[in-house]
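Peer 1: give me a 3D structure for the following:
(chains A, B, C and D)
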Protein chains: 4
Amino acid sequence: MKNITALLLLLFLTLPLFGQQRARKEFNLPDILGYKTLKCDFHIHTVFSDGNVWPTVRPEEAWRQGLDVIALTDHIEYTPHDKDINIDFNRPYEIAKPYADNLDILVIRGGEITRGMPPGHFNAIFLNDASKIKTDKWQDAFKAAADQDAFIFWNHPGWEGHQHDHLARWYDEHTWLFEKGWLQGIEVVNTYDYYPEAHQWCIDKNLTMLSNSDTHDPVQMEHAMGIYNYRPMTIVFAENKSEQAVLDALKARRTVVYSQNRLIGDEKFLLPLFENSVEFLSTELELNGRGWANCFVKNNSDVEYKLVRASLNDIVQVQREIILEPGKTTIFGIRAWDRKRGGKQKVKLEYYLENLLVRPDEAMKYNLELTVKFTPSE
Amino acid sequence: MKNITALLLLLFLTLPLFGQQRARKEFNLPDILGYKTLKCDFHIHTVFSDGNVWPTVRPEEAWRQGLDVIALTDHIEYTPHDKDINIDFNRPYEIAKPYADNLDILVIRGGEITRGMPPGHFNAIFLNDASKIKTDKWQDAFKAAADQDAFIFWNHPGWEGHQHDHLARWYDEHTWLFEKGWLQGIEVVNTYDYYPEAHQWCIDKNLTMLSNSDTHDPVQMEHAMGIYNYRPMTIVFAENKSEQAVLDALKARRTVVYSQNRLIGDEKFLLPLFENSVEFLSTELELNGRGWANCFVKNNSDVEYKLVRASLNDIVQVQREIILEPGKTTIFGIRAWDRKRGGKQKVKLEYYLENLLVRPDEAMKYNLELTVKFTPSE
Amino acid sequence: MKNITALLLLLFLTLPLFGQQRARKEFNLPDILGYKTLKCDFHIHTVFSDGNVWPTVRPEEAWRQGLDVIALTDHIEYTPHDKDINIDFNRPYEIAKPYADNLDILVIRGGEITRGMPPGHFNAIFLNDASKIKTDKWQDAFKAAADQDAFIFWNHPGWEGHQHDHLARWYDEHTWLFEKGWLQGIEVVNTYDYYPEAHQWCIDKNLTMLSNSDTHDPVQMEHAMGIYNYRPMTIVFAENKSEQAVLDALKARRTVVYSQNRLIGDEKFLLPLFENSVEFLSTELELNGRGWANCFVKNNSDVEYKLVRASLNDIVQVQREIILEPGKTTIFGIRAWDRKRGGKQKVKLEYYLENLLVRPDEAMKYNLELTVKFTPSE
Amino acid sequence: MKNITALLLLLFLTLPLFGQQRARKEFNLPDILGYKTLKCDFHIHTVFSDGNVWPTVRPEEAWRQGLDVIALTDHIEYTPHDKDINIDFNRPYEIAKPYADNLDILVIRGGEITRGMPPGHFNAIFLNDASKIKTDKWQDAFKAAADQDAFIFWNHPGWEGHQHDHLARWYDEHTWLFEKGWLQGIEVVNTYDYYPEAHQWCIDKNLTMLSNSDTHDPVQMEHAMGIYNYRPMTIVFAENKSEQAVLDALKARRTVVYSQNRLIGDEKFLLPLFENSVEFLSTELELNGRGWANCFVKNNSDVEYKLVRASLNDIVQVQREIILEPGKTTIFGIRAWDRKRGGKQKVKLEYYLENLLVRPDEAMKYNLELTVKFTPSE
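Peer 2: Predicted structure coming up:
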């Protein structure tokens, strides 16, 4: 079959024999501080509660979308398909595990304690036996999870199913759980919702920040995979890609929240994430005769960084906004107020990294330090 | 809450309360010959056989992708999830029906008779009781379907699971079925595969041509919804949008196959589909001083039509290829060989509609008739 | 040439003979109040000042992007290409006009009076002779424009080239121009920049609001044509598509500003734009047994409307945000607080149309009135 | 300005101060054989002949689209803008050069000898003075180019402006040029057109193969920058990124043609391009109990490679087609015919690289060698 026309015909009419085209698009984020940066989603449903996909779909979706770790967390107290499905809270994990192994996706056994508010919904992950957290009293469910050394976190604390005004509220029950050590983290983001109150609680009480999809349907129905449109993810900084290392990192609060192109977390993580993502091709700029110079920055990550000018600079005029597109080299310009000035000069340009949030109402400050060389104008 | 900054904050941080963004994108194809043009997919699986989604997902996907009709056709003889699911071949339909009704999607009860080759796999649709086609002998399964006045068609006749060289073969068993009236149509396209042998059989034996997704996973895993990338569909020309009218149309062979921006079928359907899709803003063109004129064509459908020149014209030079993008107005040019000539002239430009196939090796011919007005050049 | 393989080969290897694929994508916005809704860009440069494209490129770009009207407005006082180009301020119009006529694009003759601040930069459009506004004193330039019955508007009043802090300032010179009747409108948006001060001045002083691209380079270099990413446009409500009607509409302040999926202007225009864009498939909703109902809305325009809940409703729980995607049918849900209640009930859901701005800090309010039918739950 | 709502407001309303967002997307293709792989376009027009953009636009476009080298080649004999522009054939280069230097784009001085057929149109590049090739007799133009040690190639040899049937024809004039050494290469691809005759001549006569855009308008009007939709490029394998090294590589015929996701050229270049583009994550595969195994391949280039099965394999069933998406990891499956067989086995899977063309009618063969480990089934 040497003839290209025949080949073209085939091309037009065929695709893979054994099923669909399967491809993984990495979500590029750099490693930092000696840790491996893992992309995780710890809140996922299947047909074994009120989800609508078979458990194997979850690692396949995760693999394609560039994730490393998922937890299957079906509702314990809400199983609307039980007329047709024999509910066993360990089956989602058992079914998904060999499939996930094949794709090198870590899958974590979990379950969602699904109670009225307070205390509301909580995920317990790293369970040995998910069926044990099905108890009459909610307190017993937490105890059963804690007995298995699970990691337990509060889901969507301001969910409108519980709080009609969408405001997260802290009840005595949460104090009780917190004091027991049974409330180790909170979803600062769930699906598309950000909870500023939860963000502040995590800062104040040293709780782990999480961001999860809570996906029930095929994930692409809920989170289109366009650019900047990845599903919400908990970014975990782990010693290595293993269940134990992920658990250790969660307990040590080494996480950052990713949601719709925003990163939310502690500056100690956000700053190296940004700095390891970008390359300034030169930080010594020579102004041309008109007093202008271009700065080239390569963004090797899949986050689009948006810098917004925090103050006017005395020496050079700078852009009000700089957008560093993912995977691209961006140019931004500076211009000397006085182009006749000679010599070299260090300038410190003050910016906010607009989509990097260190507190509920505060973007991370970033000082861009450049050396500017003035050519005395003739 | 008058302040726009607060609104923006909300916007950035929220999306629908009750779940994901749900939107339908029509797949625009015109009605023809007094019939309603329905977009159908008659081969779809769920968790009740080897599919990986809950039955309600199927009408939701269909609604979003602009379809009108789906059939749920789980394998009768292959049910790998039966350890966890109580298999009942009528349940997929029963579960999906109220969900589909709400979205005005017609859902048809079906089942896939899944046997070795020959005779291979067949869908029986418009069943009253899908469980009755579970029989020991394959002949009895067809009889049970026929007894329910089902519409029965042969699936993916050259599937590599059966035919390693991907060539469809007609066996005595097919003759037997055909003569009984139990083989009423064939999938000319299944998933991404086109079967030219099946195409020819449909022409020769007056069988209904079908094109179906055979989707097992979430449909977006198998058929990305980019432009020109819709799932394969059977286009049905029905009296109205009702189960009975769809069945009547299938029996009357009023269908056209859609697959990856190609339409395959009889010229009596393809020609009006094309002609009702496009508007020539003018078919009388006045040449300018250089002997040129532009022709504007609006394509109101979601098929991109590709015209390839079939012959050189004596009077005007014409484009070798004209691409009519979906939903857009396209310009193509003509140029007089002799711009000094005066008067009006009818020209017939011979094209192939490259992506409209009337036989396995033949694109539909289309004569584009224009009147050209020559301005005698000074 | 009957053989499809040969056709495919051709397809793969060819495209139009006479040049590139040329197609127009309409920017759909409904007509309102008996006027025709025209999409206009009144601030455009060419190689005849500091622009970088030949004048014919401008109508071609406008045609492809769905515009109806453009003005060519080269700088009068800044012509950096004059070493290579014989500067004549009427040539851009003369060159572009026949090209634009062919595409049914209206092209308006203009010029940009380009002075230091105050008074800054102004466009004079609908000129008869653009060269006459080249004068020594800026006052004479305005007079020369006014003598031609031009429409004169202030460009990018807070441009950082003039105002380092990006704040628009009103000087005595503007009062002088305004009182003469030589300042008839202001660019509320220029390129990507919105000027809230200018927005307020237009409201307070009854000035025409404009939004223009100020494009210098090929427009796709500056304004990618992705979804929601159209260039800024002045939306004009005119008696018909003619130069005179556009001028009349500008003088009568019948405009709305479009910029990055936002519409800015008077409620008397924004409300009918929204209402003529969307179709509520039903405004009488029957709640199901669980107290839920779906509302279907078709958005026939190319603006994505974003509704943000303004208040909680007493009778039904409603989505915090509703996004009406362009060209699609969207579903949003409501849920009765008390599903046991019977009877019919009118409900008024209070929303902000988040991307429709009636004042600098105020989104347009919209009350969505529905009738809800309660089925008394058994 | 600590408040995030204010930041968001700014974000929504602003973009760069000094002009548009400028970003470069690399076109990733690996280096091979010790050479640097440069992406080049040697046929580009500006307003100085019949192009429609100012010369500086060309290096800007090239930078954004990931190119390394461009040649400006305005028509010498056709200058329709000469009423408005003072035509000087060296000006395009002089104007573009400093702009290109700033972006690290190499710009080559050229000109297009634009004559009737025969001999047709030719580009002379690496000129010192482009005005010298404006001569009365075409023979003198070639001599003037050769005297400057230019590289001379034949443009679009089957262009319909010259050959109405789109077939390239070799005339005595071409033999004369060839024998003088004044015809050193041919455009195998120009714009969207591939010339199989020219392809064969390059093979037979040892001529350099080129692929160029021949862009006249803004390049995005002619070549959308979607995926697989890059402009046509001549891929040059050079000692380094310098004018001299590019000229040396062209003379040594170290080029490959890129056009619409196809690579055309000698196997000695195509094979290492493919092999350096892809990483087989493992070439030793262990079959699972059902006789299946997955192979993971990472494609680090921006070419989508399409492998079409050339023959059936005796030991394993293999996919009819494998598509390696750019920048992604793709899975393809194999399945043992006889899963009960034990031991390790080398298999050689024969494929065509469908979009890599070594001769006009021949795709490149590629043998994929894997080791398969059979687990004797229990």
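Peer 1: buried residues in the longest strand along chain A?
Peer 2: In chain A, with assignment by DSSP state E, the single longest strand is strand A:343-359. For strand A:343-359, a neighbour-count test (16 or more other CB atoms under 10 Å in any protein chain shown) marks A:347, A:349, A:351, A:352, A:353, A:354, A:355, A:356, A:357, A:358, A:359 as buried. From N, CA and C alone the C-beta is placed, and that goes for glycine too.
Peer 1: try stretch A:214-230
Peer 2: A:214, A:215, A:216, A:217, A:218, A:219, A:220, A:221, A:222, A:223, A:225, A:230.
Peer 1: how about the longest strand of chain A and chain D, touching?
Peer 2: Yes - on the criterion CB under 8 Å from any CB of the partner chain, strand A:343-359 is in touch with chain D at A:352, A:354, A:357.
Peer 1: other SSEs contacting that strand?
Peer 2: Using 3 or more CB pairs under 8 Å, 6 or more residues apart in numbering or on different chains; DSSP states H and E as the contact test, the elements touching strand A:343-359 are helix A:196-205, strand A:262-264, helix A:267-277, strand A:305-309, strand A:316-318, strand A:362-374, helix D:4-13.
Peer 1: for the stretch 51-200 of chain A, which segments count as helices?
Peer 2: All helices of the stretch 51-200 of chain A, identified by DSSP state H, counting those that start in this stretch, fall at A:57-64, A:91-103, A:138-147, A:172-180, A:196-205.
Peer 1: now the helices and strands packed on strand A:343-359 in JSON lines, with mean pLDDT and distance to residue D:307?
Peer 2: Output for those, formatted as JSON lines (pLDDT from 0 to 100; distance: least, CB to CB, whole Å):
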{"stretch": "helix A:196-205", "mean pLDDT": "98", "distance to residue D:307": "49"}
{"stretch": "strand A:262-264", "mean pLDDT": "97", "distance to residue D:307": "39"}
{"stretch": "helix A:267-277", "mean pLDDT": "98", "distance to residue D:307": "34"}
{"stretch": "strand A:305-309", "mean pLDDT": "96", "distance to residue D:307": "37"}
{"stretch": "strand A:316-318", "mean pLDDT": "90", "distance to residue D:307": "50"}
{"stretch": "strand A:362-374", "mean pLDDT": "94", "distance to residue D:307": "46"}
{"stretch": "helix D:4-13", "mean pLDDT": "33", "distance to residue D:307": "44"}
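Peer 1: closest one to chain B among these?
Peer 2: Closest of these to chain B is helix D:4-13, at 4.0 Å (criterion: CB to the nearest CB).
Peer 1: and the spatially closest residue to residue A:75 that is not a sequence neighbour, what does it touch?
Peer 2: Closest residue to residue A:75 apart from its sequence neighbours, by CB to CB, 6 or more residues apart in numbering or on different chains: residue A:49 at 3.9 Å. Listed by CB atoms under 8 Å, 6 or more residues apart in numbering or on different chains, the contact partners of residue A:49 are A:74, A:75, A:76, A:78, A:79, A:80, A:81, A:87, A:112.
Peer 1: what residue spans form the domains of chain A?
Peer 2: The record's domain parsing of chain A by automatic domain parsing lists A:21-265, A:278-374.
Peer 1: start to end distance for the shortest one?
Peer 2: This stretch, domain A:278-374, spans 26 Å end to end (CA to CA, to the nearest Å).
Peer 1: can you check the first one too?
Peer 2: By CA to CA, the extent of domain A:21-265 from end to end equals 36 Å.
Peer 1: run the chain-centre distance for it.
Peer 2: Domain A:21-265 has its C-alpha centroid displaced from the chain centroid by 12 Å (CA atoms, centre = their mean, to the nearest Å).
Peer 1: which residues in the stretch 101-250 of chain A form strands?
Peer 2: A:106-114, A:121-125, A:151-154, A:185-190, A:193-194, A:208-212, A:233-238 (DSSP state E, counting those that start in this stretch).
Peer 1: for those, which has the smallest mean pLDDT value?
Peer 2: Per-stretch mean pLDDT for those is lowest at strand A:193-194 (a mean of 94).
Peer 1: residue of the stretch 51-200 of chain A closest to chain B, please.
Peer 2: Among the residues of the stretch 51-200 of chain A, residue A:192 lies nearest to chain B; the distance is 3.5 Å by CB to the nearest CB.
Peer 1: my guess is that residue contacts residue A:229, does it?
Peer 2: No - between residue A:192 and residue A:229 there is no contact under CB atoms under 8 Å: 10.8 Å.
Peer 1: overlap in contacts of the two?
Peer 2: Common neighbours of residue A:192 and residue A:229, counting by CB under 8 Å, 6+ apart, are residue A:260.
Peer 1: hang on, the earlier thing: spatially, which two of the contacts of residue A:49 are the most separated?
Peer 2: Pairwise distances across these (CB to CB) peak at 15.1 Å, for the pair A:81 and A:112.
Peer 1: look at those two and report which has more neighbours.
Peer 2: residue A:112 (28 against 18; other CB atoms under 10 Å in any protein chain shown).
Peer 1: ok, back up a step: can you list the helices and strands packed on strand A:343-359 in CSV and add distance to residue B:306 and mean neighbour count?
Peer 2: Listed next are the helices and strands packed on strand A:343-359 as CSV, based on distance: least, CB to CB, whole Å; neighbours: other CB atoms under 10 Å in any protein chain shown:
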stretch, distance to residue B:306, mean neighbour count
helix A:196-205, 53, 18
strand A:262-264, 43, 23
helix A:267-277, 43, 18
strand A:305-309, 41, 23
strand A:316-318, 49, 23
strand A:362-374, 49, 17
helix D:4-13, 41, 20
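Peer 1: any idea which of the ones you listed gets closest to chain C?
Peer 2: Of all those, helix D:4-13 comes closest under CB to the nearest CB, at 4.1 Å.
Peer 1: so where's chain A shaky on pLDDT?
Peer 2: Along chain A, segments meeting pLDDT under 70 span A:1-19, A:225-228, A:376-378.
Peer 1: can you name the residues of it sitting close to chain B?
Peer 2: Proximity of chain A to chain B (CB under 8 Å from any CB) is limited to residues A:12-17, A:19-20, A:47-48, A:51-54, A:56-57, A:60-61, A:64, A:81, A:84-86, A:88, A:91, A:95, A:160, A:166, A:191-194, A:216-218, A:220-222, A:260.
Peer 1: can you flag the buried ones in those?
Peer 2: Of the residues of chain A next to chain B, these count as buried by 16+ other CB under 10 Å: A:12-17, A:20, A:47-48, A:51-54, A:56-57, A:60-61, A:64, A:81, A:84-85, A:91, A:95, A:160, A:166, A:191-194, A:216-218, A:220-222, A:260.
Peer 1: which one of the contacts of residue A:49 has the most neighbours?
Peer 2: Ranking the contacts of residue A:49 using other CB under 10 Å puts residue A:112 first, with 28 neighbours.
Peer 1: need the contact list for it.
Peer 2: By CB under 8 Å, 6+ apart, residue A:112 lies in contact with A:43, A:45, A:49, A:73, A:74, A:75, A:76, A:121, A:122, A:123, A:155.
Peer 1: and it, bridged to which residues?
Peer 2: For residue A:112, the beta-bridge partners are residue A:75, residue A:123 (DSSP bridges).
Peer 1: around chain D, pick out the residues from the stretch 251-378 of chain A.
Peer 2: Selection of the stretch 251-378 of chain A residues close to chain D by CB under 8 Å from any CB yields A:294, A:306, A:308, A:310, A:317-323, A:325, A:327-333, A:335, A:352, A:354, A:357, A:360-363.
Peer 1: any idea which of the buried residues of strand A:343-359 is closest to residue B:171?
Peer 2: Out of these, the member with the shortest distance to residue B:171 (by CB to CB) is residue A:355, at 62.2 Å.
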